[in-house]
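In: Provided below for reference: sequence and predicted model.
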Amino acid sequence: MPEFLRLDIVDIIDIVLVGLLIYQVYKIIRGTAAVSIFIGIIIVYFIWMVVKALHMELLTTILDKIISVGVLALIVVFQQEIRRFLLRLGTRYTKEGKRRGLLETLFRPGKETLSKNDIEEIIQACSRMSEREIGALIAMERFASLGFVAETGDRIDARIQSRLIENIFAQNGPLHDGGIIVSNGRLQSARCTFPMSESQGIPPYFGMRHRAGVGLSEQTDAFIIVISEETGHIATMQDGVIKTLSGVAELRFDLENAFHK
């Protein structure tokens, strides 16, 4: 049997782990333009392994050079996907209360979650805006900082109040464009510019607010609420996934689950 076909238990474990890693990366970039690049990279890498195993020296040398330079190119091309992967890895590790509390104490001292009163104020605002079909985009910070988005808008730094949120998104108001950032129990900024998602899996009937909400949820672990200006329907975004809600009762359940679990 050729030497490269001899496998022991360590090799099998290695193959399984690599397969799981590739699958997780594919899940993150699925539905985006990056998936075609990713598949192309896998094909090139597979060809490189084959020609190396067959001792095809010229092709091996050429592909060695391509792959050595390609590592730097990958970091540039997939910088958003790498950020999202590491964020999800860290967030998943800190799901349990004790671990999360320890890490928050070490790295995010003084960080507050949304109080139940804050949640009720947000729910009241969303309920009234939904009834009147007022478009809205609200991002609530969880573990990952939203400071880079808050800086793109106008600083508010106010107590969370339903009437204030409604006034911000009132049609023809000076702050109604863009989204608002809620952080540390405060309404931090309004008229913020959210990163747009490039996902091809977003249904065409969703507007730019939904695409912006998905874009931010792809890059952070924020809990995002979008209210449609056309239908008044409420949707939430987490981890790049859109969830259309049946009403404010479901919104209350999801918010309490996200901030008081």
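Out: Thanks, I have it.
In: could you use CA atoms for every contact and neighbour count after this?
Out: OK.
In: please identify the helix or strand for the residue most central in space within the chain.
Out: Taking CA atoms, centre = their mean as the criterion, residue 218 is the residue nearest the geometric centre of the chain, at 2.0 Å. Secondary structure from DSSP states H and E places residue 218 in helix 208-219.
In: mean confidence (pLDDT) on that helix, please.
Out: On average, the pLDDT along helix 208-219 is 91.
In: what's the distance between the closest residue in space to residue 212 that isn't next to it in sequence and residue 238?
Out: Closest residue to residue 212 apart from its sequence neighbours, by CA to CA, 6 or more residues apart in numbering: residue 196 at 4.5 Å. For residue 196, the distance to residue 238 equals 14 Å [CA to CA, to the nearest Å].
In: bridging across strands, which residues link to residue 187?
Out: According to DSSP bridges, the residues that bridge with residue 187 are residue 158, residue 182.
In: identify the residues contacting residue 77.
Out: Contact analysis of residue 77 by CA atoms under 8 Å, 6 or more residues apart in numbering lists nothing.
In: the stretch 151-261 of the chain: helices as residue ranges?
Out: Ranges of helices in the stretch 151-261 of the chain, per DSSP state H, counting those that start in this stretch, are 162-168, 208-219, 248-260.
In: residues in contact with the first one?
Out: Helix 162-168 has contacts (CA under 8 Å, 6+ apart) with 121, 122, 123, 124, 125, 129, 173, 174, 175, 176, 190.
In: could you chop the protein up by domain?
Out: 3-77, 116-260 (automatic domain parsing).
In: quick check: buried residues in stretch 188-206?
Out: 188-199, 202 (16 or more other CA atoms under 10 Å).
In: go on, stretch 45-52?
Out: For stretch 45-52, by 16+ other CA under 10 Å, it's 48, 51, 52.
In: just stretch 144-151 next, same as before
Out: Neighbour-count burial for stretch 144-151 [16+ other CA under 10 Å]: 146, 149, 150.
In: out of those, which is nearest to residue 243?
Out: Distance to residue 243 across those (CA to CA) is lowest for residue 146, with 21.1 Å.
In: and the closest one, what is it in contact with?
Out: Counting by CA under 8 Å, 6+ apart, the residues that residue 146 touches are 181, 183, 220, 222.
In: so the second one touches residue 140, yeah?
Out: In this case it means residue 183. Yes - here residue 183 lies in contact with residue 140, judged by CA atoms under 8 Å, at a distance of 6.2 Å.
In: what helices or strands is the helix or strand containing residue 48 leaning on?
Out: Here residue 48 sits within helix 34-53, counting by DSSP H and E. Applying 3 or more CA pairs under 8 Å, 6 or more residues apart in numbering; DSSP states H and E, one finds that helix 34-53 contacts helix 9-29, helix 57-77.
In: for residue 253, which of these is the nearest?
Out: Per CA to CA, nearest to residue 253 of the helices and strands packed on helix 34-53: helix 9-29, 26.1 Å.
In: relative to helix 208-219, how tilted is that closest one?
Out: 160 degrees (axes from the mean of the first three to the mean of the last three CA atoms, to 10 degrees).
In: so which other helices or strands are in contact with helix 9-29?
Out: Against helix 9-29 (3+ CA pairs under 8 Å, 6+ apart) you get helix 34-53, helix 79-93.
In: same thing but 7 Å
Out: Helix 9-29 sits against no helix or strand, with contacts defined as 3 or more CA pairs under 7 Å, 6 or more residues apart in numbering; DSSP states H and E.
In: just to revisit the earlier point, pick the most buried one from the helices of the stretch 151-261 of the chain.
Out: Stretch with highest mean neighbour count among those: helix 208-219 (a mean of 24; mean count of other CA atoms under 10 Å).
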